[in-house]
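Novice: Structure of the sequence below:
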Amino acid sequence: MSIFTRARDIVAANFADLLDKAEDPAKMIRMIILEMEETLVEVRASAARTIADQKEMRRQISKLEKLQENWLEKAELALSKDREDLAKAALVEKQKAGDMAEQLTAEIQILDDGLRASEEDIAKLQGKLREARTRQNAIASRLESAHNRVRMREMYAGSKVAEAFSRFDVLERRVDYAEGHADALSLGAPGKTLEEEIAELRSSEKVEAELAALKAARGATAIH
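Specialist: Predicted coordinates for the structure are as follows:
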């Protein structure tokens with residue numbers, strides 16, 4: 001079904017209103033562009049036919065001008081032979097050819113006016129087509145952005161993410177269990193008695209004293 005009825009409808013169209021009212025803006029803009037392209041082809045074809053018609057008319061005018069010259073020569077010949085009746089008849093034919101040439105010239109002028117109008121229509125259609133394609137690209141970008149947002153939301157809210165987080169929960173529970181087990185092993189372990197701590201201090205003092213003696217002995221040897 002046609003959106004527009006003629007080229008002037010397209011030129012006067014408000015794309016924003018059309019797209020706002022459309023249930024599927026992307027489909028609507030594709031239809032608009034397709035119809036505009038088809039209309040542009042039709043207008044150009046019509047202009048091509050007009051140009052061809054003008055060329056044919058100009059050829060006819062050229063032939064009629066030659067025919068007028070021919071009838072004039074015949075009239076002059078007849079008059080030179082004292083055949084005024086033939087000369088007059090020849091001039092009548094010359095006049096007919098002249099009238100036809102004038103009529104064709106007037107038709108060419110009319111076609112020129114139509115051709116200029118077609119040229120303006122083509123320029124306006126091309127401008128509208130560029131506008132429509134720009135809007136199509138904008139709509140495509142918006143749709144792609146919307147689809148990407150939907151995919152991202154699905155990814156974050158989807159089953160795969162939920163499954164991954166459930167694995168993390170299982171791992172955390174395992175770590176908690178391992179730490180709990182380690183803490184449990186230390187529960188109830190007897191602490192050191194006072195005598196054991198003092199004995200450790202004495203043992204430590206002996207080790208320190210023995211280490212100092214070894215250092216002193218090594219120092220004396222190095223001097224000798």
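Novice: State the pLDDT value of the closest residue to Leu125 other than its chain neighbours.
Specialist: If the residues on either side of it in the chain are set aside, Leu125 comes closest to Leu40, at 4.9 Å by Cβ to Cβ, 6 or more residues apart in numbering. Bear in mind the C-beta positions are built from the backbone N, C-alpha and C, glycine included. Per-residue pLDDT puts Leu40 at 86.
Novice: now His181
Specialist: The model reports His181 with a pLDDT of 62.
Novice: likewise Glu73?
Specialist: Here the pLDDT value assigned to Glu73 is 95.
Novice: which element is it on?
Specialist: Using DSSP states H and E, Glu73 falls within helix 25-80.
Novice: Residue ranges of each domain in the chain, please.
Specialist: Following automatic domain parsing, one finds the domains of the chain at 7-163, 195-224.
Novice: re the thing from before, ok, so what distance separates the residue nearest to Leu125 from Ala47?
Specialist: 11 Å (Cβ to Cβ, to the nearest Å).
Novice: which helix is the longest one in this structure?
Specialist: What stands out as the longest helix in the chain, according to DSSP state H, is helix 84-157.
Novice: show me the contacts for Ser46.
Specialist: Ser118 (Cβ atoms under 8 Å, 6 or more residues apart in numbering).
Novice: And it, what's its pLDDT?
Specialist: 87.
Novice: How about Lys94: what's its closest non-neighbour residue?
Specialist: Once flanking residues are discounted, Lys94 sits nearest to Trp71: 3.7 Å by Cβ to Cβ, 6+ apart.
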